[in-house]
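Undergrad: Could you work out the structure for the sequence below:
(one chain, ligands or ions: 1)
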Amino acid sequence: MSRAMELEDLHGPATYQRFPITAVRGSGAVLWDEQGNEYIDCMGGYGVAIVGHCNPDVVNAIRRQAETLITCHGSLYNDKRGEFLDKLTAASPHGLDAAYLSNSGAEAVEVAIKLAKKFTGKKGMIAMKGGYHGKTSGALSATWSKKYKESFEPLLPNFKHAEYGDLEAVQREVDEDTCAVILEPIQGEGGIIVPPDGYLRGVRELCDKRGLLMIADEIQTGLGRTGKMWACENWNVVPDIMTLAKGLAGGVPIGATLTRSEILHSFKRGEQTSTFGGNPLACAAGSATLDFIQREKLPDRARLNGEKFLSGLRDIAQRHKLPREARGMGMMLALEMRVDIQEILMQSLQKGVVFTYSGRNVVRLLPPLVMTSEQIARVLSVLEDVVSSEEAKRAG
Ligand SMILES: Cc1ncc(COP(=O)(O)O)c(C=O)c1O
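TA: The predicted structure is shown next:
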C-alpha cells in the first residue's frame, strides 16, 4: 500500500468503494499511477472526463484565469461568468435561456427542487424507482436506493417514486400537490437503463396536461455523452428544468440548473446564493469545455464510437455465458453480468483498464468522449480476456 493510500485511509471517509490504485496523472482517456503504470479510463471520473483528462484547452483556460482572477462572488459581475452563461444557454435546448450556477450535481438538483416549489407554489415531487440524483438531503429524497437513505430519514416529505419507463405509473402518482416530475433521461447509477421510446415524450405531455414541471437530470447523460448534446434530444423532448454538473467545466467542480427566465426569476433576492457558484475559474474552464465539445463535434463522435463499442460489448455477451446483456447509448454503456463483477473489475485493472460499477453485477462504462478507436479495441480485448478467464475459473 502506498503512502497516499495510507493517508487517505487514515484521514478520509470510508464511504467510497475504492480501487487499489493511486492515480497521479491523466491525459485524454489515459491515467497513470504512482509507479508509472498506464490505464485506459472507462470510469472517466464517473463521467466527468468528457473532454479527456487535462484537456489542453481547459488547462490553458484555467492557467490564464488563475493568473487573472480566481474568485468573484455573485454580488459582483464577472466577465467570465457572463461569457459562460451566454455559451451555456446558447448550447441548451430551445427556451432554456437562464441558468443558476453552483458547484456539484447534488447542488444543481437542490436548486431544481427549490425552483419547482417556488415557481408552482406546490410541494409534491415524483421521482423514479432506480433514479439517482445525489446525496445531499433534498437530492437524496429524489434518489431511490434505500441503502443511501435509510440512516438519514426523515428527508424531504412529499416525494413519491414511480416505476421508471412506465408512463401510467407516473400518471397514477400525480395529485393536487404535485409540482414536478424529476428523472434521468437514461438512468446511470440504476444500471444504464434506456427508457422505452415514447416514454419521455409521454412524461412531457403529462406534465403539460397537468401543469407540472419536467426536470431532466442530465448530470450524467448531458454534454454529448449519449450521441446528442442532451440525452432528451434523442426523443425530441425539451424539459422545463435541466440539471448539469460532472464534465461541464472539464473536471473543475461545477453545477448548473438550466431553465426558462420566468422560472429562474421566481427566486427572489437572497433565496438562492452560493459563495463559489459561478466562480471565474470554473466559468473559464466551462467556456473552454463547451467550445471544445462543439468544435470537435463530440456528440457525433460519441454516437459513432459508441456504436462500435456497444457492438463489441454485444459480441462479448453473445460469445460468453457470464454476461447477461450489453446495453447503452453513445458512450454511456453497460455490460450486465450474471455474477458479482468485483473480480472482473480487479482483473481488468491489472490489465490496464479502469471500469466502474452500477450495483454489484453491472460493469458501467463512462469513458471520455475523446477515447480513440484503438483504445476502445484494447478495452474490448481486455474485457473479453477477463470474462474468459473468469469463466474458465468458475468452470474448473
Ligand atoms: C444523474 C445524476 N444526478 C446527480 C448526481 C450527483 O452529482 P454529484 O456527485 O456531483 O453531487 C449524479 C452523480 O453521479 C448523477 O449521476
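Undergrad: the strands in the stretch 51-200 of the chain, which residues?
TA: Remark: strands assigned in the stretch 51-200 of the chain by DSSP state E, counting those that start in this stretch are 98-102, 124-128, 159-162, 178-183.
Undergrad: Quick one, which of the ones you listed gets closest to Val109.
TA: strand 178-183 (7.6 Å; CB to CB). Bear in mind the C-beta positions are built from the backbone N, C-alpha and C, glycine included.
Undergrad: Not counting sequence-adjacent ones, nearest residue to Met242?
TA: Leu258 (4.5 Å; CB to CB, 6 or more residues apart in numbering).
Undergrad: Let me know how buried the one you found is, in neighbour terms.
TA: 31 (other CB atoms under 10 Å).
Undergrad: quick check, it in a strand?
TA: Yes - Leu258 forms part of a strand when assessed by DSSP: H, G, I helix; E, B strand; the rest coil.
Undergrad: and the lowest-mean-pLDDT helix or strand in the chain, anywhere near the ligand?
TA: Least confident helix or strand, the chain: strand 356-358 with a mean of 93, by mean pLDDT, DSSP states H and E. No - if you take CB under 6 Å from any ligand atom as the test, strand 356-358 misses the ligand, and the best it gets is 10.4 Å.
Undergrad: Given that strand, what are its sheet partners and their directions?
TA: Paired strands of strand 356-358, with direction, are strand 362-365 (antiparallel) (DSSP bridges).
Undergrad: On the C-terminal side of the partner strand, identify the next helix or strand.
TA: Using DSSP states H and E, the helix or strand that follows strand 362-365 in sequence is helix 373-395.
Undergrad: send the alpha carbons of that following helix over as PDB?
TA: C-alpha atoms of helix 373-395 as PDB (Å, rounded to 0.1, in the frame of the first residue of the first chain):
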ATOM      1  CA  SER A 373     -10.900   3.600 -31.700                       C
ATOM      2  CA  GLU A 374      -7.600   1.900 -30.800                       C
ATOM      3  CA  GLN A 375      -8.300   2.400 -27.100                       C
ATOM      4  CA  ILE A 376     -11.800   1.100 -27.500                       C
ATOM      5  CA  ALA A 377     -10.400  -2.000 -29.300                       C
ATOM      6  CA  ARG A 378      -7.900  -2.500 -26.400                       C
ATOM      7  CA  VAL A 379     -10.700  -2.200 -23.800                       C
ATOM      8  CA  LEU A 380     -12.800  -4.800 -25.500                       C
ATOM      9  CA  SER A 381      -9.900  -7.200 -25.800                       C
ATOM     10  CA  VAL A 382      -9.100  -6.800 -22.100                       C
ATOM     11  CA  LEU A 383     -12.700  -7.300 -21.100                       C
ATOM     12  CA  GLU A 384     -13.000 -10.400 -23.300                       C
ATOM     13  CA  ASP A 385      -9.800 -11.900 -21.800                       C
ATOM     14  CA  VAL A 386     -11.000 -11.200 -18.300                       C
ATOM     15  CA  VAL A 387     -14.500 -12.600 -18.900                       C
ATOM     16  CA  SER A 388     -12.900 -15.800 -20.500                       C
ATOM     17  CA  SER A 389     -10.600 -16.300 -17.600                       C
ATOM     18  CA  GLU A 390     -13.300 -15.800 -15.000                       C
ATOM     19  CA  GLU A 391     -15.500 -18.300 -16.900                       C
ATOM     20  CA  ALA A 392     -12.600 -20.800 -17.000                       C
ATOM     21  CA  LYS A 393     -12.000 -20.300 -13.300                       C
ATOM     22  CA  ARG A 394     -15.700 -21.000 -12.500                       C
ATOM     23  CA  ALA A 395     -15.900 -24.000 -14.800                       C
END
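Undergrad: pLDDT averaged over that helix - what is it?
TA: Averaging pLDDT along helix 373-395 gives 96.
Undergrad: now what about the least confident helix or strand of the chain, what contacts it?
TA: 17, 42-43, 46, 188-192, 334, 341, 345, 363-366 (CB atoms under 8 Å, 6 or more residues apart in numbering).
Undergrad: can you check stretch 132-139 too?
TA: Contacts for stretch 132-139 (CB under 8 Å, 6+ apart): 104-107, 109-110, 113-114, 127, 140, 142-145, 148, 152, 155-156, 182, 184, 187-190, 217, 219, 243.
Undergrad: okay if I get the strands of the stretch 51-200 of the chain as CSV plus mean pLDDT?
TA: Listed next are the strands of the stretch 51-200 of the chain as CSV, based on pLDDT from 0 to 100:
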stretch, mean pLDDT
strand 98-102, 98
strand 124-128, 98
strand 159-162, 98
strand 178-183, 98
